[in-house]
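Visitor: starting from these lines, generate the structure:
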Amino acid sequence: MPAINMLDQTIVFTTAYPDYAVRAFEISALDYLLKPIAPERLASALDKVRKVVARQQASPRETKRVFLRDGERCWILAVDQIRLLESEGNYTRVYFEGNRPLIYRSLNALHARLDPALFFRASRSHIVNLRKIVSVQPQQEGGLDAILAEGPRVGISRRQSRKLRELLSL
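Guide: Below you'll find the model as predicted:
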């Protein structure tokens, strides 16, 4: 089971096994249908799907939410609450609101799923939320240090510093 799931995916489980219902809702299933599926239950599930899809189409800029799990602790938070993602081998440390859970997902895998308008790859080890950068300071080597709201300081490589300047310049 992945440690991070996009909650605005529309998932309806259909199975003959009621034992998995709790687990399905733990990963944010929209509905859970038991076989044989009664026509009225299918219609109800499809109505839920239609409402979710209509809501997503009506407000495409709506903040996505994620499920994070670190051991026995779990969080559901808006993606824009994340200020920093830091690589630790095949794991990634996620910084938000004073929390720093370690999730079993590589930084590369997460980078592919994040909105590039909100998240910036600062280096091989860091992805920062652009909205959480409060200032930048030049490094002697030509890179930058990004100062994030609520910390920490993140080094941005020379190459990525140029990209950041281009991205944020007028």
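Visitor: so what's the residue count around the closest residue to residue 83 other than its chain neighbours?
Guide: Nearest residue to residue 83, sequence neighbours excluded (C-beta to C-beta, 6 or more residues apart in numbering): residue 132, at 3.9 Å. No exception for glycine: its C-beta is placed from N, CA and C like everyone else's. Residue 132: 22 surrounding residues under other C-beta atoms under 10 Å.
Visitor: looks like residue 132 contacts residue 149 (just checking).
Guide: Yes: at 4.9 Å, residue 132 counts as touching residue 149 under the criterion of C-beta atoms under 8 Å.
Visitor: now list whatever residues contact both of those two.
Guide: residue 83 (C-beta atoms under 8 Å, 6 or more residues apart in numbering).
Visitor: all strands for the chain, in order.
Guide: With DSSP state E as the criterion, the chain has strands at 4-6, 12-15, 31-34, 65-70, 73-78, 84-88, 91-95, 102-103, 119-121, 126-129, 133-138, 144-148, 153-156.
Visitor: so which of those strands is nearest residue 22?
Guide: Closest to residue 22 of the strands of the chain is strand 31-34 (C-beta to C-beta; 9.2 Å).
Visitor: pLDDT on the closest one, on average?
Guide: Averaging pLDDT along strand 31-34 yields 90.
Visitor: mind listing what's buried along that strand?
Guide: The neighbour-count check on strand 31-34 (16 or more other C-beta atoms under 10 Å) flags 31, 32, 33 as buried.
Visitor: ok, now which ones touch the residue nearest to residue 126 when sequence neighbours are not counted?
Guide: Of all residues not flanking residue 126 in the chain, residue 154 sits nearest, at 5.1 Å (C-beta to C-beta, 6+ apart). When contacts are counted by C-beta under 8 Å, 6+ apart, residue 154 touches 84, 122, 123, 126, 128, 145, 146, 148.
Visitor: run a quick neighbour tally on the second one.
Guide: Counted by other C-beta under 10 Å, the residues lying close to residue 122 total 25.
Visitor: and for the last one?
Guide: When neighbours are counted by other C-beta under 10 Å, residue 148 registers 18.
Visitor: identify the residues contacting it.
Guide: By C-beta under 8 Å, 6+ apart, the contact set of residue 148 is 83, 84, 95, 128, 129, 132, 133, 134, 154.
Visitor: make JSON lines from those and add pLDDT and distance to residue 37 to it.
Guide: Formatted as JSON lines, these follow (pLDDT from 0 to 100; distance: C-beta to C-beta, whole Å):
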{"residue": "83", "pLDDT": "94", "distance to residue 37": "43"}
{"residue": "84", "pLDDT": "95", "distance to residue 37": "44"}
{"residue": "95", "pLDDT": "94", "distance to residue 37": "43"}
{"residue": "128", "pLDDT": "95", "distance to residue 37": "46"}
{"residue": "129", "pLDDT": "94", "distance to residue 37": "42"}
{"residue": "132", "pLDDT": "92", "distance to residue 37": "45"}
{"residue": "133", "pLDDT": "91", "distance to residue 37": "49"}
{"residue": "134", "pLDDT": "91", "distance to residue 37": "52"}
{"residue": "154", "pLDDT": "93", "distance to residue 37": "50"}
